[in-house]
Structure formats: C-alpha cells, structure tokens
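Colleague: Could you look at this predicted model? Sequence included:
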Amino acid sequence: MVTLFHSPGTCSLGIHVLLEEIGAPYDLALIDVTKGKQHQPEYLAVNPKAKVPALRRADGSLLTEWPAIATWLALANPDKKLLPTDVEGMVRTLEAVDYIIATVHMHGFTRLFLPIHFSPNEADHPAIREKGRLIFEKGLAHFNAQLEGRDYLGGESPSIADAALFYITFWKVTRLKQEPPPNVAAHYARMCQRPAVARALQMEGFA
Ligand SMILES: N[C@@H](CCC(=O)N[C@@H](CS)C(=O)NCC(=O)O)C(=O)O
C-alpha cells in the first residue's frame, strides 16, 4: 500500500485526487505545512526536501515531485488511463503538467502568496506579487484556450494534467476567491462532480 504525505488544500490535493481516481487502498499522512510540520525532524527523516506531496511506495521507497509521483501512479495503474499511451498524447500531457507545476504554480502562485521566497525585502513584494499574478493568469488563459470544445485537457477522460489543473483552479476559487475563465470554470465544475474528486475534497475538509 502507498502512503501520501499531504497537506490539505495544497498541491498534494492533486495527487490525492489521482489516488481516489485509482481507487486502490492507500494511507494518508498529514503534514500540515501551515503549521510548519514539513520542517519537523520526523518528516525531514522521511523527506529531507521538506515538501508535500511525497509518496511512500509499498517497497518503502519515497517518491517526490508532483510530476514524477503522478506519472508513476499513472504508469503503475494503466487500466485507469491517466496518461495517454500514444506518443503525442503522452508528451502533450507531460507538457501541460510541467507548465502547471514548474511555471504556473512555482513561479506564479508562489510569487503571489509567498513573495518572501523571492526577496527578503518587503518593499519588493508588491512587484513580485504582480509578476506572480500575471504568470498565474497567463497559465489559466492558456488552459482556457486548450479546453475550448473539450471536457478534459486531453479530450474525453481526465489525465494527470487535469488533476494538476484542478488544484491550481482550486486555489483560484478558494484562495484568491476569483472566478476562473469560463472553460477552466467548467472544467473545475466537471472535476468537482467526479466522485473521486468529491471524496478527496471531503477528506481534506473542503466539502
Ligand atoms: N516541486 C515540488 C513542489 C512542491 C511544493 O511546493 N509543495 C508545497 C505545497 S503546495 C510545500 O510543500 N510547501 C511547503 C514549503 O515550501 O515549506 C513538487 O513538484 O512536488
């Protein structure tokens, strides 16, 4: 059985959604980053990177980094079709995941919410936040265009990229308290209607 080290409402929510979509038994280990639990020795012994998500697999090995965890879950559960098997579908899915995590999340949302990570000087923070807002909005606009005429990023069924888009849209709705662009809003509503997503949200205290 795998164990997901997670913190409610953070990017680990996307991995939680994938575990619920897969439907196999798993354990959840709470590492509340709002209380700094990622820096406690007990968790550092598990994951010296002091980040969530992290996934401990059945053989005891730890996997970190959202794209690697999601890709491994998809490859380990091929019947769930969370990653296309054709070359074009696969690379387009990985392209979307990388853009969401490495750019929209790490450079956009993190600038917006944690400008301290980019400069210790508070006077710099308004400009850092504005840069983050622009990166975040550009990302949502990109996926709004990609979703035109589609239910999910790859077409008819959700992939790991949809789980990634879901968590950044969750931040737009619940943390920024803003309406996403229309196709992204429809994608978010569609995801929220999925029983797996509803279960993950409920387990994290958002239902
Ligand atoms: N590159 C990492 C980023 C993970 C990340 O930034 N996680 C955040 C939660 S969304 C975290 O653990 N923050 C705690 C901290 O930075 O101290 C990944 O892809 O998993």
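Modeller: All right, it came through fine. The structure displayed is predicted, hence computed values, not measured ones.

Colleague: which helices and strands sit right next to the biggest helix by length in the chain?
Modeller: In the chain, taking DSSP state H as the definition, the longest helix is helix 125-146. Packed against helix 125-146, as judged by 3 or more CB pairs under 8 Å, 6 or more residues apart in numbering; DSSP states H and E, are the following elements: helix 110-113, helix 160-170, helix 182-193. Glycine gets a C-beta too; all of them are placed from N, C-alpha and C.

Colleague: Try it again at 10 Å.
Modeller: helix 87-98, helix 110-113, helix 160-170, helix 182-193 (3 or more CB pairs under 10 Å, 6 or more residues apart in numbering; DSSP states H and E).

Colleague: And the nearest residue to residue 153 once chain neighbours are set aside, how close does it get to residue 171?
Modeller: Closest residue to residue 153 apart from its sequence neighbours, by CB to CB, 6 or more residues apart in numbering: residue 161 at 4.7 Å. Per CB to CB, to the nearest Å, residue 161 is found 16 Å from residue 171.

Colleague: Between those two, tell me which one has more neighbours.
Modeller: Set side by side, residue 161 and residue 171 show more neighbours around residue 161, with 28 against 21, by other CB atoms under 10 Å.

Colleague: I figured the more buried one hits residue 167, correct?
Modeller: No. Look at residue 161 against residue 167 with CB atoms under 10 Å: they stay out of range, at 11.3 Å.
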